[in-house]
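K.L.:
Requesting a structural model of the entry that follows:
(one chain, ligands or ions: 1)
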Amino acid sequence: MRCLKITLILTLITISCVSNNPLEPYGAVPSKRQLIWHNMKYHAFIHFGPNTFTDIEWGHGDESPDVFNPTGLDCRQWAKAIKDAGMEGAIITAKHHDGFCLWPSAYSTHTVRESQWRDGKGDVLQELSEACREFGLKFGIYVSPWDRNHPTYFTDEYNTVFKNMLEEVLTNYGEVYYVFFDGAFSVGPDGKRQEYDWTGFTEVVRRCQPNAVIFSDAGPDVRWIGNERGYAAETNWCTMKKGLFYPGIGGVNDQLQTGHEDGELWIPAEVNTSIRPGWFYHKQEDNKVKSLNRLIDNWYHSVGMNGNFLLNLPPDTRGLIHENDIKRLMELKTYLDEAFSLNLASDASARATQTRGKLFSVKKAIDDNPETYWATDDDVLNASIELDFSQPKTINTLLIQEFITLGQRVKSFSIEALHENKFVQIAAGVTIGNRRIVKFNTILTQKLKINISAKANPLISNLEVYRVPELYKEPTVQNEKL
Ligand code: FUL
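P.N.:
Next up is the predicted model:
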């Protein structure tokens, strides 16, 4: 009875401490649909359409629909490869700039229905969405607002056509997790650009697929990283300032790379690139599939730099993902499985220079539960965590995550390792955000110290430490301008 009373009193004290010390969000925070996207890492882009057969990247929209004729289309082969590679979803070019619809749209005459493929009775979206469901993948749609075929393009009527098309692809194929609006455009003969009804486009997506994130150069849910080579920058804020960027702005911009530190909008970055030089399949690129090192580098510079990795796998003229691409994908999977198999932080002991109380103890950063986190008091913006492995371990990689549900707070960090009884700095960085993977030279050490400086009290939900295979060397291409 006495024990019960004491427990009750202690519980009440804990509850009152917690409620007296609630954590407030800081700045812009992610929506539920954005959090679902943040919880992914890696997904597939599928560029497929007339360009696959005409061997060009941007079709003019005047190609005969009959050019689209895959001899052995098998979306299950795509889905299996994507699943085996460890990806979580697939986003297909339902309509690229040539206007050709991979589904029999009622609002176009440039579709699979007009092609000779399956006597005009085929529907690629149907087949891929079914294959995705079968293999446990999410299904997403790329739709190009720019349309080089549709007779109404450059008129206001086109906005209605596009919204109707959107409604078709978003209601006929089950759940859609992602809508990718491409920013490329052309100007009309009079020098004018099509005025897109972005508000209307967004309204259709929200109404038909409330959980889907919308990507464009500048959101509203996910932004472009500003290059197509698959590299996020060292500084990568999930926030963007209002009014500076808008969907369809087009072009490369360094601010898309970094985001804005004090942005009022939460618009995190997607890092996209193709496994080959082109977005569409070209036979002459069969031997130009990116090297394993390059893909590993892209992975660290996307998943490891507060973004997600959207890797394009263009099906060939058979309608299959080419064996060379699959081989490389699986090499990457093998590398990642090996690299991240043994987390040395899970057996380490941890302490912090300051803690907000038991509920936010530093153990929450290594408990393998993304919903719990270490936090400091509101006024403590600089703090350190020390991990003690109890004996020297050989390591070269740290994975660190903020509890972004309450905002992105960390503005710089450094990592030190114990060397001959002294802590020596081995790496430093700027932003963390949802996920930051920091590689450093392989060292043998018993203790790691992570020093954090934040804009509001830091909330760290996860820390992992690895020794990844030395096989990976940063390719020289990384030094090109992003
Ligand atoms: C660009 C397009 O022009 C390319 O063809 C490709 O679709 C890429 C993902 O986006 O803007």
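K.L.:
any weak-confidence spans in the chain?
P.N.:
Low-confidence segments of the chain, defined by pLDDT under 70: 1-20, 250-252, 472-482.
K.L.:
Which neighbouring elements make contact with the helix or strand where residue 134 lies?
P.N.:
Under the criterion of DSSP states H and E, residue 134 resides in helix 124-135. Packed against helix 124-135 by the contact rule (3 or more Cβ pairs under 8 Å, 6 or more residues apart in numbering; DSSP states H and E) you find helix 75-84, strand 89-95, strand 138-143. The C-beta positions use only the backbone N, C-alpha and C, and glycine is treated the same way.
K.L.:
ok and the second one relative to helix 124-135, angle-wise?
P.N.:
Taking axes from the mean of the first three to the mean of the last three Cα atoms, to 10 degrees, one finds that strand 89-95 is oriented at 170 degrees with respect to helix 124-135.
K.L.:
ok, residues contacting strand 89-95?
P.N.:
With contact meaning Cβ atoms under 8 Å, 6 or more residues apart in numbering, strand 89-95 is reached by 40, 43-49, 78-79, 82, 101-103, 124-125, 128, 132, 137-144, 147, 165, 169, 177-178, 180, 310.
K.L.:
Equivalent analysis for the first one, please.
P.N.:
Counting by Cβ under 8 Å, 6+ apart, the neighbours of helix 75-84 from elsewhere in the structure are 44, 46, 90, 124, 127-128, 130-132, 134-137, 313, 315, 320-321, 326, 329-330, 333.
K.L.:
same check, this time on the shortest one
P.N.:
In this structure, residues lying in contact with strand 138-143 by Cβ under 8 Å, 6+ apart are 40, 43, 45, 88-96, 125, 128-129, 132-133, 162, 165-166, 169-170, 173-182, 212.
K.L.:
again, 6 Å this time
P.N.:
The contact list for strand 138-143 (Cβ atoms under 6 Å, 6 or more residues apart in numbering) reads 89, 91, 93-95, 129, 132, 169, 176-180.
K.L.:
do stretch 162-178 as well
P.N.:
Contacts of stretch 162-178 (Cβ under 6 Å, 6+ apart): 89, 91, 94, 105, 107, 125, 129, 138-141, 200, 204, 208-209, 212-213.
K.L.:
Measure how far stretch 66-86 is from the centre of its chain, please.
P.N.:
Mean-position distance between stretch 66-86 and its chain equals 22 Å (Cα atoms, centre = their mean, to the nearest Å).
K.L.:
Can you give me the buried ones in that stretch?
P.N.:
67-70, 73-75, 77-83, 85 (16 or more other Cβ atoms under 10 Å).
K.L.:
near the ligand too, which of these?
P.N.:
When these are filtered against the ligand using Cβ under 6 Å from any ligand atom, no residues are retained.
K.L.:
what's the closest of these to residue 111?
P.N.:
Closest approach to residue 111 among these (Cβ to Cβ): residue 68, at 9.1 Å.
K.L.:
Contacts only, for that closest one.
P.N.:
50, 115, 117.
K.L.:
what residues go with each domain of the protein?
P.N.:
Per the record, the chain has its domains at 32-339, 344-466, by automatic domain parsing.
K.L.:
how about those domains in a markdown table, adding distance to residue 24?
P.N.:
As requested, these are exported to a markdown table (distance: least, Cβ to Cβ, whole Å):
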| stretch | distance to residue 24 |
| --- | --- |
| domain 32-339 | 16 |
| domain 344-466 | 8 |
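K.L.:
Ok, which of those comes nearest residue 22?
P.N.:
The closest of the domains of the chain to residue 22 is domain 344-466. By Cβ to Cβ, the value is 10.1 Å.
K.L.:
what distance separates the start and the end of that closest one?
P.N.:
Start and end residues of domain 344-466 are separated by 6 Å (Cα to Cα, to the nearest Å).
K.L.:
Give me every residue in the stretch 201-350 of the chain lying close to the ligand.
P.N.:
With the criterion set to Cβ under 6 Å from any ligand atom, the stretch 201-350 of the chain comes near the ligand through 272, 279.
K.L.:
Do a quick rundown of the helices in the stretch 201-350 of the chain.
P.N.:
For the stretch 201-350 of the chain, the helices defined by DSSP state H, counting those that start in this stretch occupy 254-258, 292-300, 323-339.
K.L.:
now those helices as JSON lines including mean neighbour count?
P.N.:
As requested, the helices of the stretch 201-350 of the chain are exported to JSON lines (neighbours: other Cβ atoms under 10 Å):
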{"stretch": "helix 254-258", "mean neighbour count": "18"}
{"stretch": "helix 292-300", "mean neighbour count": "21"}
{"stretch": "helix 323-339", "mean neighbour count": "17"}
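K.L.:
any chance of these in CSV, plus distance to residue 192?
P.N.:
Shown next, in CSV, are the helices of the stretch 201-350 of the chain (distance: least, Cβ to Cβ, whole Å):
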stretch, distance to residue 192
helix 254-258, 25
helix 292-300, 37
helix 323-339, 40
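K.L.:
which ones are touching the nearest residue to residue 182 once chain neighbours are set aside?
P.N.:
Counting by Cβ to Cβ, 6 or more residues apart in numbering, residue 182 lies nearest to residue 144, which is 4.5 Å off, once chain neighbours are set aside. By Cβ under 6 Å, 6+ apart, residue 144 lies in contact with 95-97, 182.
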